[in-house]
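Asker: What follows is a predicted structure for the sequence shown.
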Amino acid sequence: MRALRAEDPAELGGHRLVARLGAGGMGVVYLARTGAGELVALKVIRAEHAADPHFRARFRREARLAAGVRGRWVVRVTDADAEARAPWLATAFVPGPSLAEAVVALGPLPARTVLTLGQRVADALAGLHATGLVHRDVKPANILLARDGPRLIDFGIARGAGATALTAPDAVLGTPGYLAPEQMEGAREGEDAGAGPASDVFSLGCALAFATTGRPPFGTGAPAVVMYRTVHEEPDLTGLARLPAAARASVTRCLSVDPAARPSAAELREELERAAVLTDPRHGDSRRGDSRLADPRLADPRAADPGAADVSAADPRAADPRGADPRAPESRAAGSNAAESRAADPRAADPRQVRRDRQARPRWRDTARNAGVRDGARGEDDGDWLPPGVLRLVAVHASRALDPPPREAAPAQGSVVPTAHGDLAAPAPAHGNGNGNGNGAAAGEPEPAAEAREAPRTHPATEPDPDPNPDPEGAAAARPGIRSRRRMLAVGGAATAVLAAGVGAAVVAGRRAPAAAPTLTIGLQSAGTEQERGARLAVDARNARSGARYRLALTTVDDHGRAADAESAARRLIADPGVRAVLGPTAEAAVNAANRLYAAAGMPMVLVASAGLAPSHSDPDRNLRTQYVTRVPDDGLGIALARYLTVVHPTRRTAVVEDLAGNAAGSDLARSFRAEPPGGGTAAVQTVAEDDDPGPAVAQALSARPDAFVYAGTSPDRAATCARALTAAGFTGARVTLEPVMRSDFLRAAGRAAEGWVFAAPYTDAAAMTTAAAREFTAAYRTRYHASPGPWAAEGYDAVALLAHALDSLGDTTLSRSRLTDRLARTTLDGVAKPIRFTDSATHDLDSGASFLYQVRDARFHFLGRYDQMTKATATR
């Protein structure tokens, strides 16, 4: 969810726009409220498409078809206007992640969740097919996961079976990887006649395989390559064994090349129901009892995610009555639409009623038979069909809908707002943040208290703390269930913002009147020292600007890489009302310990040297909402090595020694090379146990006469053993490995055998770079510290610059931690080390994926450059 931009209209078609949900080539999707206060997703088509009469005709037809779709597991169309200058369509808003987002963030779903998902989406398709319609784009991104069940969305390319397509003759409607073979064959013949109900079943089978295994069954890559695999190769169903045998057979049948061999949607629904009924409760895919129902975080999502709204109903107004239009009747705001697809089963609001209902009916009874749908043989209605990690994502989505970010900049009163989707004229509001209520409150929020409205204008970055007795130790801000949303948004008395190094370098920003923050310097480990030095240079450069509206300062705290110290340091920074963001920590144990506290406090945690935490189903307390990782993940280093062996040193046969003595990074590297060998060739992997000598494995690897050797491990000493064995055998091909090996111990132990080895690293060598920014940074570093910048120095500089850019873009509005957290997701930086921008996902992954290559030359680690800019010519310089 993103803030409305200045060019976005305040109102459209009787809907008050609240926030942006997304944008693409076709148009923009807004979160909006109807006149009755109901939340909807409003899709507005861009002007260039709206001007095409053929496109408008298609939109008109498909809006009409979508409006006729009914069913509990589909998202209902609430309104549309195909004749508007910018056509739009509104659907019920579902506060929940897509299947794609959940699996990417948390990994494969539990088997029982997949079974319930399959039953309900199959039921939605069965109803759709019964009306003569075909969806044509069933995929994980079009399946939303709500607390009470999945929702199938985006009927934008649905049409009647056998109807004529209005697209170009060579267009393929659908998504490669989830597209049935007959749809692609039909496109080659200049028509889309191949799409039918069986095509939707094929796509659903692909989505269920993705949900179970965590990857698409036909892989990823260029669309043409994926489409070729779909038609000519068998799907990769490794991991599907997590499902019961009967369910595995059903999903496999869905992926049959022959449409006639696939089950119908109704048959698939019945088969998955029977598979769920017959599943042995002792198996890992069973319910494992009702232990999760006893977890109070699931009975009340607000306890699971402090500050998150109660999502017992999918309509967020039911979670917070303030979100309803005060003019609407109480009964309407409280959930008169509970029977509609946007609203959850009202029993979900009272878990005691759920338990009473279970006791009053047979366990395997179809609870929704009277509604004409199958609710799953497991009786898993309401939120317990989802694992705790996904429930947290649902809570996050719902809380954001109740607390949308304010408009970036309100246009002048009465102005006409140009938009990216046509010249929609909309007068700008006279006051507030552009959400249409004129009082500056976020949509669905009560009017601010008088003292808040009359706050002194000398500190526009501040917001009064409603708690007159804040916790001096910051414990309330760090304990789940205690911090209120208002407290999270509070700024504190002084107009300052701090960024911290160690567990962190805290950035202090004072508006109007510059404020200095004391700096406590405590010894840091070597990597921490370089980060701090780079950060201090960025602060100095920022504060040297004339006319700056705020100043930056750093304060340091040391966590010693220990979890207990990390928690203590995090609480200190959280308790300081001036701290706005944290740079660090670095050690994995410290990151794991501090993340929970920073997430609870809404504190941005910008990681420089750490690869960050990965989402986890098994750890529902792990909340990554405020984590921003500015380095490439470990698997990105493998991509850099694969490109080197494809472009710079072309390889057909690659030998890989997987060393189990190191951490998981080595095994991940071996797995990636086995799955996708460089240059489209072959890769043979030899695995070495932790206590075994890697020398024999090297000899075995060389028997295949490889062009390149990969040490998939993290031990400098054991890598040196491999290097000596390769040299002794006369091997002259490429030798590559990961950055953890790039230590002086490797050079010392390998001796002359270290020459020529190539390493993929997540940091740059600014002194060896030739860009103007790198030269300026290096000169400033040498002037101040009388040495060349080391690893992570430029990255520390860029992290502070990124936060400064985000603070600048907030303008004169409140510089709260939560606003900075949201703004960072949209902030980009062309940094000294690399470009920084984040993906639009729950995990805020680094989008650019920049990593760097080094090579041993004359017993030194020589910087080659950014991996994606390497060529044969540049590698020899």
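Answerer: Perfect, thanks for sending it.
Asker: what's the burial count for residue 651?
Answerer: Residues within reach of residue 651, counting by other Cβ atoms under 10 Å, total 26. All C-beta spots, glycine's among them, are computed from the backbone N, C-alpha and C.
Asker: what sits against residue 592?
Answerer: Taking Cβ atoms under 8 Å, 6 or more residues apart in numbering, we find residue 592 in contact with 563, 613.
Asker: now it: how far from residue 648?
Answerer: 36 Å (Cβ to Cβ, to the nearest Å).
Asker: mind listing what residue 30 touches?
Answerer: By Cβ under 8 Å, 6+ apart, the neighbours of residue 30 are 4, 8, 12, 15, 17, 18, 19, 20, 21, 41, 42, 44.
Asker: What residues of the lengthiest strand in the chain count as buried?
Answerer: Determined from DSSP state E, the single longest strand within the chain is strand 15-23. Of the residues in strand 15-23, 15, 16, 17, 18, 19, 20, 21, 23 count as buried by neighbour count, 16 or more other Cβ atoms under 10 Å.
Asker: so the second one makes contact with residue 36?
Answerer: No. The pair formed by residue 16 and residue 36 falls short of the contact definition of Cβ atoms under 8 Å, at 11.1 Å.
Asker: Tell me which stretches of the stretch 51-200 of the chain form strands.
Answerer: Secondary structure of the stretch 51-200 of the chain (DSSP state E, counting those that start in this stretch): strands at 77-81, 88-92, 133-134, 143-146, 149-152, 159-160.
Asker: which strands and helices sit next to the first one?
Answerer: Looking back up the chat, that one is strand 77-81. On a contact count with 3 or more Cβ pairs under 8 Å, 6 or more residues apart in numbering; DSSP states H and E, strand 77-81 meets helix 53-67, strand 88-92.
Asker: need these in JSON lines with distance to residue 743, can you?
Answerer: Below are the helices and strands packed on strand 77-81 laid out as JSON lines (distance: least, Cβ to Cβ, whole Å):
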{"stretch": "helix 53-67", "distance to residue 743": "59"}
{"stretch": "strand 88-92", "distance to residue 743": "55"}
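Asker: if we compare those, which one ends up closest to residue 253?
Answerer: helix 53-67 (28.3 Å; Cβ to Cβ).
Asker: now the angle between strand 88-92 and the closest one, please.
Answerer: When axes from the mean of the first three to the mean of the last three Cα atoms, to 10 degrees is applied, the directions of helix 53-67 and strand 88-92 differ by 20 degrees.
Asker: buried stuff in helix 53-67?
Answerer: Residues 55, 56, 58, 59, 62, 63, 65, 66, 67 are the ones in helix 53-67 that count as buried (16+ other Cβ under 10 Å).
Asker: List the contacts of the last one.
Answerer: With contacts taken as Cβ under 8 Å, 6+ apart, residue 67 has the following neighbours: 77, 80.
Asker: could you measure it against residue 803, distance?
Answerer: 46 Å.
Asker: about what we covered before: go through the strands of the stretch 51-200 of the chain and name the closest to residue 395.
Answerer: That would be strand 143-146 among those, by Cβ to Cβ, at 11.6 Å.
Asker: from the contacts of residue 30, which is closest to residue 862?
Answerer: Nearest to residue 862 out of the contacts of residue 30 is residue 20 (Cβ to Cβ; 45.8 Å).
Asker: residues in contact with the closest one?
Answerer: 1, 2, 3, 4, 5, 8, 28, 29, 30, 31.
Asker: which residues does it bridge with?
Answerer: Assessed by DSSP bridges, residue 20 has beta-bridge partners residue 2, residue 30.
Asker: any chance of the buried residues of helix 53-67 in CSV, plus distance to residue 85 and pLDDT?
Answerer: Putting these into CSV (distance: Cβ to Cβ, whole Å; pLDDT from 0 to 100) gives the following:
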residue, distance to residue 85, pLDDT
55, 14, 80
56, 11, 83
58, 17, 79
59, 13, 82
62, 19, 75
63, 16, 80
65, 23, 76
66, 21, 76
67, 21, 79
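Asker: What are the contacting residues of stretch 667-684?
Answerer: So stretch 667-684 is in contact with 634-635, 637-639, 641-643, 645-646, 650-656, 658, 660, 685, 687, 701, 704, 706-708, 710, 712, 738, going by Cβ under 8 Å, 6+ apart.
Asker: mind saving the C-alpha coords of that stretch as PDB?
Answerer: C-alpha atoms of stretch 667-684 as PDB (Å, rounded to 0.1, in the frame of the first residue of the first chain):
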ATOM      1  CA  SER A 667      24.700 -26.000   0.100                       C
ATOM      2  CA  ASP A 668      22.400 -23.300  -1.400                       C
ATOM      3  CA  LEU A 669      25.100 -22.600  -4.000                       C
ATOM      4  CA  ALA A 670      25.600 -26.200  -4.900                       C
ATOM      5  CA  ARG A 671      21.800 -26.600  -5.200                       C
ATOM      6  CA  SER A 672      21.500 -23.700  -7.500                       C
ATOM      7  CA  PHE A 673      24.400 -24.900  -9.800                       C
ATOM      8  CA  ARG A 674      22.900 -28.300  -9.900                       C
ATOM      9  CA  ALA A 675      19.500 -26.900 -10.900                       C
ATOM     10  CA  GLU A 676      20.800 -24.400 -13.500                       C
ATOM     11  CA  PRO A 677      24.400 -25.100 -14.600                       C
ATOM     12  CA  PRO A 678      26.300 -22.100 -16.100                       C
ATOM     13  CA  GLY A 679      26.100 -21.700 -19.800                       C
ATOM     14  CA  GLY A 680      23.300 -24.300 -20.200                       C
ATOM     15  CA  GLY A 681      25.900 -27.100 -19.700                       C
ATOM     16  CA  THR A 682      26.200 -29.700 -16.900                       C
ATOM     17  CA  ALA A 683      27.200 -29.500 -13.300                       C
ATOM     18  CA  ALA A 684      28.500 -32.500 -11.200                       C
END
